[in-house]
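Undergrad: No sequence on hand, only this structure:
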């Protein structure tokens, strides 16, 4: 599926929830990994405020692109944020949504 770049150049971005390992299989504890690099993936909640509107996004980032010490309230920049739609079927139920993925998250320091 195609992905679309998201321009955050005029937005203010804060960490809403600390990074957590993204699981490929919650039952077995298998961690999701980047297909190209093999790096473990993490999910970070980000609050993006732009043009008077704030939204919370769960963004997947390779662990190599997540600095240590990210805590809620930390102002950050997001490198290479993209969105893509997804759809699957589980137990006869169709589900769909938008997945957000970034190359890295950086702090102002």
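TA: Yes, it's here. All of these numbers come straight from a predicted model, not from anything done at the bench. Numbers count the residues shown, from 1 in each chain.

Undergrad: where along the protein do the strands fall?
TA: 4-5, 12-21, 23-25, 30-31, 41-50, 53-62, 75-79, 82-90, 93-101, 104-107 (DSSP state E).

Undergrad: any idea how far stretch 44-51 is from the chain center?
TA: Stretch 44-51 sits 11 Å away from the centroid of its parent chain (Cα atoms, centre = their mean, to the nearest Å).

Undergrad: list the buried ones in that stretch?
TA: 44-48 (16 or more other Cβ atoms under 10 Å). Quick note: C-beta positions are derived from backbone N, CA and C, even for glycine.

Undergrad: what residues does it touch?
TA: 8, 10-20, 54-59, 61, 66, 70, 76, 78, 105 (Cβ atoms under 8 Å, 6 or more residues apart in numbering).

Undergrad: How about stretch 19-33?
TA: 39-44, 60-61, 63, 66, 70.

Undergrad: shaky segments in this protein?
TA: Applying pLDDT under 70 to the chain picks out residues 1, 109.

Undergrad: Find the centremost residue of this protein, please.
TA: The residue lying closest to the centre of the chain (Cα atoms, centre = their mean) is residue 59, at 1.1 Å.

Undergrad: wouldn't that one be in contact with residue 78 here?
TA: Yes. Taking Cβ atoms under 8 Å as the definition, residue 59 is a contact partner of residue 78 at 7.1 Å.

Undergrad: Mutual contacts of the two, please.
TA: 46, 102, 105.

Undergrad: got JSON lines for those residues, with distance to residue 4 too?
TA: Formatted as JSON lines, the shared contacts of residue 59 and residue 78 follow (distance: Cβ to Cβ, whole Å):
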{"residue": "46", "distance to residue 4": "17"}
{"residue": "102", "distance to residue 4": "13"}
{"residue": "105", "distance to residue 4": "19"}
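
Undergrad: Kind regards, and thank you for your time.
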